[in-house]
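Chemist: No letters, just coordinates:
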């Protein structure tokens, strides 16, 4: 069965990747509206905590949708704590079909103006780049989706299945609104998450390839604790709690999880190898052919860009212990952060770590929040074809292939509800301009026109 699935996927991939270009159609009004909405959204500080303006972002998008032809009653804003979620429904003419959900989030991570070259919540366009917190993650994507739906209304499009826009308000933190959305929209046919992945530009700004995501690793935090009666430091005895935990952490740090391969990651390695140096490219091909190839595994593990794609990874991220400089430690804790390959529950990985620690006195506790394990979404030929066709409208002939995200995104909660979800942001960017969550976040303004054509094509092809 695995060989048959791989063969089908390989056929689909190479057929659509070489399908050539399509004619791009100008949508100047929609392009201008998307950029204007993105600027207005960036100016709203939708950061968790006091003064969170995520509800204002929702109101901005609702106002645009209603002005663009949506019924007021079909666009709802639901307050949740200090944030909100938005759901906009467009009824299709075939009620027997499940809806197509377009997913995004309105919140952003914190940004301190004193650290930035420009005020993070004042959108600025300079040298072809839109600067501001949320420009790339992901207020331009949100604005493009809103403007695309309005453009489809303007053109008189009539979807066969329901089109539903769902925008969460706390994806960067607790994902409480996402869980509500996933429960409310659990009857969806599929989700198009316009957050994450996208296109790669080379240092000269030339498009190299486009990737979409059909899976993501599960985020997990495990707290390790060793306790001891303690005592005066002048009267040391064994075991010392710090020494015990340190020894366990060394064993865990040296441990390597079994290398794994899925249809998605195999397709990624086969396609992405052409953009890598010969050593990495050879290892990608070898691993895709045989995940037990020890030389290939060693090469990919040594590269920070690929180590996370070949299996589960766990790393110590925090450690704390002791209560006085002149006392034996009574309590020592450490945090192990894991990114788990799809298909494995957190409990299974924690059990494996406990075995590796080789010390029953080390207590393990799963302290993960806002995360659930998910399996990969199926590689659906109609999704592959629609994404490829849409990208080729603006970037003719650019290779298109899938990947597995490091996690976590709103897609996690839909996949957990057994709703296929695909990360399909159309934005292209250079590595040197990737500053999502960082200082001076930016995105090329030139992305707007091809991204609009992409979304119009993708939304119509998958809602017909």
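Modeler: Great, that's in hand. Remember, predicted model here, so these are calculated numbers, not experimental data. Numbering: from 1, shown residues only.
Chemist: quick one: secondary structure of residue 372?
Modeler: Using DSSP: H, G, I helix; E, B strand; the rest coil, the structure places residue 372 in coil.
Chemist: what about the closest residue to it other than its chain neighbours, how many neighbours?
Modeler: Once flanking residues are discounted, residue 372 sits nearest to residue 416: 4.5 Å by C-beta to C-beta, 6 or more residues apart in numbering. Quick note: C-beta positions are derived from backbone N, CA and C, even for glycine. Using other C-beta atoms under 10 Å, residue 416 has 18 neighbouring residues.
Chemist: Next, the contact list for residue 416, please.
Modeler: 182, 372-374 (C-beta atoms under 8 Å, 6 or more residues apart in numbering).
Chemist: where exactly do the strands run in the stretch 151-300 of the chain?
Modeler: 163-168, 190-193, 198-201, 207-216, 218-227, 231-232 (DSSP state E, counting those that start in this stretch).
Chemist: okay, those strands in JSON lines with mean pLDDT, mean neighbour count and distance to residue 299 next?
Modeler: Shown next, in JSON lines, are the strands of the stretch 151-300 of the chain (pLDDT from 0 to 100; neighbours: other C-beta atoms under 10 Å; distance: least, C-beta to C-beta, whole Å):
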{"stretch": "strand 163-168", "mean pLDDT": "98", "mean neighbour count": "26", "distance to residue 299": "38"}
{"stretch": "strand 190-193", "mean pLDDT": "98", "mean neighbour count": "26", "distance to residue 299": "31"}
{"stretch": "strand 198-201", "mean pLDDT": "94", "mean neighbour count": "22", "distance to residue 299": "21"}
{"stretch": "strand 207-216", "mean pLDDT": "95", "mean neighbour count": "24", "distance to residue 299": "21"}
{"stretch": "strand 218-227", "mean pLDDT": "96", "mean neighbour count": "20", "distance to residue 299": "25"}
{"stretch": "strand 231-232", "mean pLDDT": "96", "mean neighbour count": "12", "distance to residue 299": "49"}
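Chemist: Reformat these as TSV; add distance to residue 269.
Modeler: Output for the strands of the stretch 151-300 of the chain, formatted as TSV (distance: least, C-beta to C-beta, whole Å):
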stretch	distance to residue 269
strand 163-168	32
strand 190-193	23
strand 198-201	16
strand 207-216	12
strand 218-227	21
strand 231-232	54
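Chemist: Would you map the helices across the stretch 1-150 of the chain?
Modeler: Remark: helices assigned in the stretch 1-150 of the chain by DSSP state H, counting those that start in this stretch are 2-17, 28-42, 54-67, 140-154.
Chemist: got it, and the stretch 301-450 of the chain?
Modeler: Under DSSP H, counting those that start in this stretch, the stretch 301-450 of the chain gives helices at 346-357, 381-394, 411-416, 448-461.
Chemist: closest one to residue 60 among those helices?
Modeler: For the helices of the stretch 301-450 of the chain, proximity to residue 60 was assessed by C-beta to C-beta; helix 448-461 is nearest, at 17.6 Å.
Chemist: Need the contact partners of that closest one.
Modeler: Contacts for helix 448-461 (C-beta under 8 Å, 6+ apart): 22, 24-27, 30-31, 34-35, 100, 102, 140, 144-145, 147-149, 151-152, 157, 159, 163, 192, 194, 382, 385-387, 389-391, 393-395, 424, 426-428.
Chemist: 6 Å instead, please
Modeler: Identification of contacts with helix 448-461 by C-beta atoms under 6 Å, 6 or more residues apart in numbering yields 24, 27, 30-31, 34-35, 144, 148, 386, 390, 393-394, 426.
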